[in-house]
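**Student:** Got a predicted structure here, sequence first:
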Amino acid sequence: MQEVKSWVKSRIKQDEIDKYLENGRDFINDDEILEKIEKHKSPDREWVREIFQKALSINTLTPDETAALINVEDEDLIEEMKEVALQIKKKVYDNRIVTFAPLYLGDYCVNNCLYCGFRSDNQVIKRKVLSDEEILRETEELAGKIGHKRLILVYGEHPATDVEYIAKSLELVYSVKVKVRNGYGQIRRCNVNAAPLQIDELRRLVEVGIGTFQVFQETYHHETYNLVHPRNTIKGDYKWRLYCMHRALEAGVDDVGIGALFGLYDWRFEVMGLVYHARELESKFGIGPHTVSFPRLEPAANTPYIQEAKYRVSDKDFEKLILVLRLSIPYTGMILTAREPREIRDKVIHYGITQTDASTKIGIGAYSDRCSEQELERQQFLIGDTRTLDELIRDLAKFGYITSFCTAGYRCGRTGDLIMKLLKTGKEGQFCKLNAILTFKEWLLDYASNETQEVGDRLIQKELNEVKEKMPRVYDKLMEYYNRIENGERDLFF
Amino acid sequence: MEKEIYSSKEVQDFLERVRCTYETGGIWVARRFGRRWSFLCGIEPTGPSMPARFKIDDDYMLFCENPEKISKKIVQITNKLRELLVGK
């Protein structure tokens, strides 16, 4: 117990906050955000359309422009916004959707956040940290049986899952290679969702090949933040969390993921906060967020705060916030998770979503246990969409989206500043298309059910025809790789 | 405040000269971190292609979009990059 207390005391390095402040203040000015939302209550239609054009040119919107979009109520304009959102996504990422799975490694946590099932004083949660062997078993299931290539590893904030544990678990996950139907299964990219870390700790994760480092601010509203995160906890320090992406970029992490937990405060404020955060990173480092996440509060075991939360986001507002984010930070990846029920996911996937999860299990050790039921005492919250990866891929293919398992960028140096340039100029979308075809074909050969294989092969044929017509220069090379994959080679990419 | 990665103007200028002389298209240097190759500096690719890779040392790799014309000079180029990046 004493060890945990002294670990907690050593976590926050004040100088790793203060160095980023301007005049002692952080970059979220609550009054300014509220004023802007109020000021643009009835935005002029022509201005809104100009904002659409700016977003289509893949330029980050200003807070005033985002506030204007937040206030659009006209149904026709909202319909236009949906079209613009899809066009932006197509321009930056083509019609591919990347899939991943969350892997929870530990649910011990020293924090006591009112909305979280893993909070330290929640006695009904069964606490566990995966051992090395269990990590390997979970990975074998994910890479060998399900066919994921990309994971987000999730950790509570606790000395049992400190940075050395995180680094070790990354190495373990990357070490797994499993024989599958026609090739082999392997996790090619590990992203990390963890508590804010110190700069030296982030350097350690860079050394072991971290993908995206993801930390959500939960709420950007200072007063609400202080209300739901008790002051005597690490997470009670708003600025330590707010500046964790500054530290990550300074430490050499190329890709950072930001997010807010929608439902803690007014969704409009959180959208503005995310835009301010993106702009701050762009201005200080020349690199904006690689991804933005927008989870909504979901029921958790023995957590009455959630039922009583007064800012829970309706489906209609949820749709709108996705559209506004898509337009406001047009180059960023947008992550929609299985927290949301199937009908919502099937609807908003068309609003510019780029990544989603499937076959999702968030209980500690739940993949290798193969438990099909959700156990609230083992997980942080309840998930809303339990479709398998095979089912999701089939559904996406029916919508015309190709599922991509591409992890090429970070294995040939297309990261950081370089990928930002490629995203903003629409060039990355071409890589996305080609790598989506190749990785999708691999997946169909190695894991797909017969039904999904049929639907998938039809989609691939359509995609190949499109490449032949629009990118004739690379068509022959693509077909060479494609044929090599059919003959058993794996992991070929552009 | 700067991101703590190697982004020497000298390396960037050298890669610009190589690109112009040998018509390489995109050419960039990345540093290895585990399985990850992380962008350091250089010029972005002009279009999709599988970039050729030239080892600089165990930590650094040169990626090149159109390598046809630099192949004969690659030893000199990677030696120069090694000198600029790690000083030997």
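**Tutor:** Perfect, I can see it now.

**Student:** Okay, helices next: where are they in the stretch 351-494 of chain A?
**Tutor:** Listed in chain order, the helices of the stretch 351-494 of chain A (DSSP state H, counting those that start in this stretch) span A:366-369, A:389-399, A:416-424, A:428-447, A:450-470, A:472-486.

**Student:** For the longest one, name the packing helices and strands.
**Tutor:** Counting by 3 or more Cβ pairs under 8 Å, 6 or more residues apart in numbering or on different chains; DSSP states H and E, the packing neighbours recorded for helix A:450-470 are helix A:389-399, strand A:402-404, helix A:428-447, helix A:472-486. Quick note: C-beta positions are derived from backbone N, CA and C, even for glycine.

**Student:** Let me have the ones you listed in a markdown table, adding mean pLDDT, distance to chain B and mean neighbour count as columns.
**Tutor:** Output for the helices and strands packed on helix A:450-470, formatted as a markdown table (pLDDT from 0 to 100; distance: least, Cβ to the nearest Cβ, whole Å; neighbours: other Cβ atoms under 10 Å in any protein chain shown):
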| stretch | mean pLDDT | distance to chain B | mean neighbour count |
| --- | --- | --- | --- |
| helix A:389-399 | 97 | 22 | 20 |
| strand A:402-404 | 96 | 14 | 25 |
| helix A:428-447 | 95 | 4 | 23 |
| helix A:472-486 | 95 | 5 | 15 |
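
**Student:** a markdown table for these, including distance to A:Val178?
**Tutor:** Formatted as a markdown table, the helices and strands packed on helix A:450-470 follow (distance: least, Cβ to Cβ, whole Å):
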| stretch | distance to A:Val178 |
| --- | --- |
| helix A:389-399 | 15 |
| strand A:402-404 | 20 |
| helix A:428-447 | 10 |
| helix A:472-486 | 18 |
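
**Student:** now for the ones you listed, which one comes closest to A:Trp240?
**Tutor:** helix A:428-447 (32.6 Å; Cβ to Cβ).

**Student:** for chain B, what are the nearby residues on the stretch 151-300 of chain A?
**Tutor:** Residues of the stretch 151-300 of chain A found near chain B (Cβ under 8 Å from any Cβ of the partner chain) are A:170-171, A:174, A:188, A:206-211, A:246, A:249-252, A:254, A:284-287.

**Student:** where does A:Glu32 land in three-state SS?
**Tutor:** Secondary structure, DSSP: H, G, I helix; E, B strand; the rest coil: A:Glu32 is helix.

**Student:** hang on, isn't A:Glu140 packed against A:Val176?
**Tutor:** Yes. Counting by Cβ atoms under 8 Å, A:Glu140 touches A:Val176, with 5.8 Å between them.

**Student:** Mind giving me the PyMOL command for buried ones among the residues of the stretch 151-300 of chain A next to chain B?
**Tutor:** Here is the PyMOL selection string for the buried members of these, based on 16 or more other Cβ atoms under 10 Å in any protein chain shown:
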select buried, chain A and resi 170+171+174+188+206+207+208+209+210+211+246+249+250+251+252+254+284+285+287
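
**Student:** For chain B, what lies in contact range of chain A?
**Tutor:** Residues of chain B lying near chain A (Cβ under 8 Å from any Cβ): B:1-5, B:28-30, B:33-40, B:42, B:44-51, B:53, B:61, B:63.

**Student:** For A:Leu56, which of the helices and strands packed on helix A:450-470 is the nearest?
**Tutor:** Of these, nearest to A:Leu56 by Cβ to Cβ is helix A:428-447, at 13.6 Å.

**Student:** what's the angle from the closest one to helix A:389-399?
**Tutor:** Here helix A:428-447 runs at an angle of 130 degrees relative to helix A:389-399 (axes from the mean of the first three to the mean of the last three Cα atoms, to 10 degrees).

**Student:** tell me the phi and psi of residue 58?
**Tutor:** Using chain A here. When read as degrees, to the nearest 10, the backbone of A:Ile58 gives phi 60, psi 50.

**Student:** meant chain B actually
**Tutor:** Note on B:Asp58: backbone dihedrals following degrees, to the nearest 10 are phi -60, psi -20.

**Student:** number of nearby residues for it?
**Tutor:** For B:Asp58, the neighbour count with other Cβ atoms under 10 Å in any protein chain shown is 7.

**Student:** How about the contacts made by the nearest residue to it once chain neighbours are set aside?
**Tutor:** Using Cβ to Cβ, 6 or more residues apart in numbering or on different chains and skipping the chain neighbours, the partner closest in space to B:Asp58 is B:Arg32 (7.3 Å). Going by Cβ atoms under 8 Å, 6 or more residues apart in numbering or on different chains, B:Arg32 touches B:38, B:58-61.

**Student:** Now name the helix or strand holding B:Arg32.
**Tutor:** Following DSSP states H and E, one finds B:Arg32 within strand B:27-33.

**Student:** helix or strand right after that strand?
**Tutor:** strand B:36-43.

**Student:** Check which helices and strands that following strand sits against.
**Tutor:** Counting by 3+ Cβ pairs under 8 Å, 6+ apart, strand B:36-43 packs on helix A:416-424, helix B:9-22, strand B:27-33, strand B:60-64.

**Student:** Centre of the chain to that strand, how far?
**Tutor:** Distance of strand B:36-43 from its chain centroid, counting by Cα atoms, centre = their mean, to the nearest Å, is 8 Å.

**Student:** same question, stretch B:45-57
**Tutor:** A distance of 8 Å separates the C-alpha centroid of stretch B:45-57 from that of its chain, computed with Cα atoms, centre = their mean.

**Student:** ok, for the residue nearest the centre of chain B, nearest residue in space, not its chain neighbours?
**Tutor:** Central residue of chain B (Cα atoms, centre = their mean): B:Val29, 3.1 Å from the mean position. In this structure, B:Val29 finds its nearest non-sequential neighbour in B:Leu40, 4.7 Å apart by Cβ to Cβ, 6+ apart.

**Student:** Next, count neighbours for that neighbour.
**Tutor:** With other Cβ under 10 Å as criterion, B:Leu40 counts 24.

**Student:** isn't it right next to B:Trp28, touching?
**Tutor:** Yes. In terms of Cβ under 8 Å, B:Leu40 counts as a neighbour of B:Trp28; the distance is 7.4 Å.

**Student:** before we move on, the earlier item: pick the one among the contacts of B:Arg32 closest to A:Glu270.
**Tutor:** Among the contacts of B:Arg32, B:Ser38 lies closest to A:Glu270 (Cβ to Cβ), at 30.6 Å.

**Student:** In contact with the closest one, which residues are there?
**Tutor:** Each residue near B:Ser38 by Cβ under 8 Å, 6+ apart is listed here: A:206, A:252, A:254, A:410, A:413, A:415-416, B:5, B:30-32.

**Student:** contacting residues around the residue nearest to A:Gly456 when sequence neighbours are not counted?
**Tutor:** The shortest distance from A:Gly456 to any non-neighbouring residue, by Cβ to Cβ, 6+ apart, is to A:Leu444 (4.6 Å). Listed by Cβ under 8 Å, 6+ apart, the contact partners of A:Leu444 are A:452-453, A:456-457, A:460.

**Student:** Report the contact partners of the closest residue to A:Arg387 other than its chain neighbours.
**Tutor:** Nearest residue to A:Arg387 in three dimensions, chain neighbours excluded: A:Ala358, at 5.8 Å (Cβ to Cβ, 6+ apart). By Cβ under 8 Å, 6+ apart, the residues touching A:Ala358 are A:99, A:101, A:338, A:387-389, A:391-393.

**Student:** Please tell me how far A:Ala358 sits from chain B.
**Tutor:** Applying Cβ to the nearest Cβ, to the nearest Å, the value for A:Ala358 to chain B is 23 Å.

**Student:** pLDDT on whatever helix or strand A:Val324 lives in, on average?
**Tutor:** Here A:Val324 sits within helix A:315-328, counting by DSSP H and E. In this model, helix A:315-328 carries a mean pLDDT of 98.
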